[in-house]
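Visitor: Requesting a structural model of the entry that follows:
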Amino acid sequence: MKWTLISILCMFVVISASGQQNLTEDFTEAQSPVNIAQEEVNQVFTPPAENFENLKSGNFTTGNIEVTYVNFPEDAKNAFEYAVSIWEHCISSSVTINIHANWESLSENMLGHGKPSLFYRNFKGTPQANIYYPIALVEKITGKEYNNTNEADITCSFNKSKPWYFGTDGNTPETEYDFVTAVLHEIGHGLGISGFFINENGVAKYSNSSNSPSVYDFFVFNSNHQRIADKTLFPIPSVELTKQLTSNSLVFNYSPENNEEKSATVYAPSTWANGI
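Guide: Okay, the predicted model is just below:
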């Protein structure tokens, strides 16, 4: 699973760049995918790679992540830092990624939520015109800060009312939720595994005024190798797009012709749920 996520993030960058200097740069805010607590118990554990025995102090960190904690208890911080150390070994950027993490009361069924603070498109050196990129990825591509160094690139919140397990060994009791897993999940959204598709009254569209996809949305394909962000195939907004998003047959891939990278299945249940 970890290498699938790495491949997804790398694919965002490995796109042939073209001259986009005549395009106007703009930005938009992200919607916040939410992590919903489920009643069922699924005990699945994927350990870090064997050579990551001492993740935080290891010598092979390729990304630097700094976290600003708000109201976090110490045991939650320790688990959060462990999750951060895993991501630091899975990504590469010359620009520090700043996370603002909040420990607060959320809706009863919500474990947490996370998102990029902003998405940009048509910035200098943009790989693909008119596609929104999460700010952490923009900073990686451009090699510079796109906001103030004390501002968040990723924001996330976790429900302090839930029974959390703060261990880092994966031995989570059936009555608790694994905090490391939740943090890995939300940071993933913040790094760019996040999009703009929403559904209102059976009609799917983007949640931004420009009616444009994120780079994650752009690489979602259906079982017929059709890009679902292609407006010539599936108008936006439309009921036709809703059918695609609820087809249970979507994948993420760099290209429908690229057979070297294995496609990753995209969650597309028959009943739409915003923000999952």
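
Visitor: who touches residue 184 in this structure?
Guide: Taking Cβ atoms under 8 Å, 6 or more residues apart in numbering as the criterion, residue 184 is in contact with 83, 86, 87. Every C-beta, even on glycine, is put in place using the N, C-alpha and C of the backbone.

Visitor: For it, give its distance to residue 232.
Guide: 37 Å (Cβ to Cβ, to the nearest Å).

Visitor: quick one: average pLDDT of the top helix by length along the chain?
Guide: Ranked by residue count under DSSP state H, the longest helix found in the chain is helix 74-88. Predicted confidence along helix 74-88 averages 96 (mean pLDDT).

Visitor: Go through the contacts of residue 184 and name the one nearest residue 189.
Guide: Of all the contacts of residue 184, residue 189 sits closest to residue 87, with 11.9 Å by Cβ to Cβ.

Visitor: ok, now which ones touch the closest one?
Guide: Applying Cβ under 8 Å, 6+ apart, we find residue 87 in contact with 63, 65, 184, 187, 188, 191.

Visitor: Is residue 265 bridged to anything, and to what?
Guide: When assigned by DSSP bridges, residue 265 has beta-bridge partners residue 251.

Visitor: for this structure, what spans make up the helices?
Guide: Using DSSP H, the helices of the chain run over 2-11, 74-88, 135-142, 179-191, 215-218, 239-245.

Visitor: Pull the number of nearby residues for the closest residue to residue 228 other than its chain neighbours.
Guide: Excluding the flanking residues, the one nearest residue 228 by Cβ to Cβ, 6 or more residues apart in numbering is residue 244, at 4.6 Å. Residue 244: 23 surrounding residues under other Cβ atoms under 10 Å.
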